[in-house]
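**Student:** no FASTA, just this:
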């Protein structure tokens, strides 16, 4: 009898232990895999959501987009060209190497040359280690947004030794100072991270953080319902009620600093003519997209800049459907009978559905559209190479219009650096440069106002909507706070 009681007690204890172990593991599903775990290789949200947890930055952004100390305890502007940062001591990289100024110098010098980050860091002239815990950054000219960009996820600080040892394979074997340590990556399936026991802020609230790739939105919601996932990013609007009505689930929905747009390759006919681009905008009923695809979880866009970003121009041109005007513009451009073309997108459900609506609406002015769905990594690469005609993509900004405009429209940034429309406009370049160099907010607002007016007239891309960020999660998930950039911080998130 005693033996049987012991066995039952042991089984119960093991069961409770297993439950506690599972409770400390957090599983997140998102629509795409990361492109690389080298923070300087790709500037896309699915990648950022993973690398955010592996690396720290010199400066961080809190949930209200305030700049707060990170690996830099403090910073000050010595003169218009010089920023000095005092670094945190007693921080270790995941490989046990001590963090110091030489790793900052290495990381930022490398960032200056990275194609995906050139829009943010190319104006840096030199980065110097004054001592082991002091770094001085000198810019080629006054550069107002620099401090903001040191908090960019692509500015994650890497260990020089680890990068050089791994060489071309470093993106599959990342080493940071962040709250989670890389454990494994099954391409196209999952990335597994483990809590960093030596993290300078203290150990993360969850022992393991797993990012799983689930391309279909409804399947992400089903993963929540079945308990296979704890958090689901980018819940499709059509599935919002499914989450809300489930007593075991909860929803976080907020206005994000992002846009969804229809881009044109302005180097390819017929999209080299602004009348064609404008005709497409006039042929589009964005309200149909908001109603049918986003079910109201989005707002109509009149600018590439979100209303929540400094410098937004509420008076920039808002396109509304006008079929006759669209036909007139097409005829003026030399295409009275329309033409055949392609829209590229990735397999994100709302983008595919948006493409279908655009395909149907553009028929009204004689434009015959074929939709092509590409795998995420291939999609970004091919659009960066300029192989596309039209494409649907999004852009997540920080709190300054420079991050919403410079990478996307400056002629320095053609291709993978952000300007995937291959748009070149001398006045736009001039205004973007002036806005960067100015430290007077009122002047910068005027520069950005004119910029948005030009872009909405020239229309290298057609800003469609400002979408809400929608995240579903289990009821017992605690500590989740939505971030305006849609790159949610998971350090303090856990399951009760």
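**Tutor:** Nice, I can see it. The structure presented is a predicted model; accordingly, all values stated were derived computationally and were not measured. Numbering: from 1, shown residues only.
**Student:** What separation do you get for the nearest residue to residue 213 once chain neighbours are set aside and residue 185?
**Tutor:** Excluding the flanking residues, the one nearest residue 213 by Cβ to Cβ, 6 or more residues apart in numbering is residue 33, at 4.7 Å. (Glycine included, C-beta is placed from N, CA and C.) To residue 185, residue 33 is 9 Å away according to Cβ to Cβ, to the nearest Å.
**Student:** Spit out the residues that contact these two alike.
**Tutor:** Common neighbours of residue 33 and residue 185, counting by Cβ atoms under 8 Å, 6 or more residues apart in numbering, are residue 191.
**Student:** in the helix or strand that contains residue 181, what counts as buried?
**Tutor:** Per DSSP states H and E, residue 181 falls inside strand 180-186. Going by neighbour count (16 or more other Cβ atoms under 10 Å), the buried part of strand 180-186 is 180, 181, 182, 185.
**Student:** For it, name the packing helices and strands.
**Tutor:** Packed against strand 180-186 by the contact rule (3 or more Cβ pairs under 8 Å, 6 or more residues apart in numbering; DSSP states H and E) you find helix 45-54, strand 190-195.
**Student:** would you list the buried residues of strand 180-186 in CSV and tack on pLDDT and distance to residue 478?
**Tutor:** Shown next, in CSV, are the buried residues of strand 180-186 (pLDDT from 0 to 100; distance: Cβ to Cβ, whole Å):
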residue, pLDDT, distance to residue 478
180, 98, 18
181, 98, 22
182, 98, 25
185, 98, 27
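**Student:** Which of these sits closest to residue 94?
**Tutor:** residue 181 (4.6 Å; Cβ to Cβ).
**Student:** count of residues packed around the nearest residue to residue 95 once chain neighbours are set aside?
**Tutor:** Counting by Cβ to Cβ, 6+ apart, the nearest residue to residue 95 once its immediate chain neighbours are dropped is residue 175, at 5.1 Å. When neighbours are counted by other Cβ atoms under 10 Å, residue 175 registers 24.
**Student:** Settle this for me: residue 175 is touching residue 92, isn't it.
**Tutor:** No: using Cβ atoms under 8 Å as the test, residue 175 is too far from residue 92 to be in contact (10.5 Å).
**Student:** before we move on, the earlier item: if I pick the residue nearest to residue 95, what's in contact with it?
**Tutor:** 93, 94, 95, 97, 158, 159, 162, 163, 182.
**Student:** Can you pick out the most distant pair from those residues?
**Tutor:** Maximum pairwise distance in the contacts of residue 175, criterion Cβ to Cβ, is 14.9 Å, between 97 and 182.
**Student:** Neighbour-wise, give me the winner out of the contacts of residue 175.
**Tutor:** So for those (other Cβ under 10 Å), the most neighbours sit at residue 159, 26 neighbours.
**Student:** could you check the distance from that residue over to residue 204?
**Tutor:** For residue 159, the distance to residue 204 - Cβ to Cβ - is 19 Å.
**Student:** Please identify the buried residues of the longest strand seen in the chain?
**Tutor:** Across the chain, the longest stretch assigned as strand under DSSP state E is strand 461-474. Across strand 461-474, burial judged by 16+ other Cβ under 10 Å covers 461-474.
**Student:** Please apply the same query to stretch 248-265.
**Tutor:** 249-253, 255-265.
**Student:** In strands only, show me those residues.
**Tutor:** The strands, defined by DSSP E, take in 249-253, 255, 258-264 from the buried residues of stretch 248-265.
**Student:** Just give the number of residues close to residue 368.
**Tutor:** 12.
**Student:** actually residue 63, not the one I wrote
**Tutor:** 11.
**Student:** List the contacts of the residue lying closest to it once chain neighbours are set aside.
**Tutor:** Distances taken as Cβ to Cβ, 6+ apart place residue 481 nearest to residue 63, at 4.9 Å, with adjacent residues excluded. By Cβ under 8 Å, 6+ apart, the residues touching residue 481 are 63, 488, 489.
**Student:** what do you get if the cut-off is 10 Å, keeping everything else the same?
**Tutor:** 62, 63, 64, 252, 254, 488, 489, 490, 492, 493 (Cβ atoms under 10 Å, 6 or more residues apart in numbering).
**Student:** again, but for residue 46
**Tutor:** 30-35, 211, 213, 233-234, 346, 348, 376-377, 487.
**Student:** Just the ones of these in helices?
**Tutor:** Of those, the ones assigned to helices by DSSP state H are 376, 377.
**Student:** for the protein, which spans come out with low pLDDT?
**Tutor:** Applying pLDDT under 70 to the chain flags the ranges 1-23.
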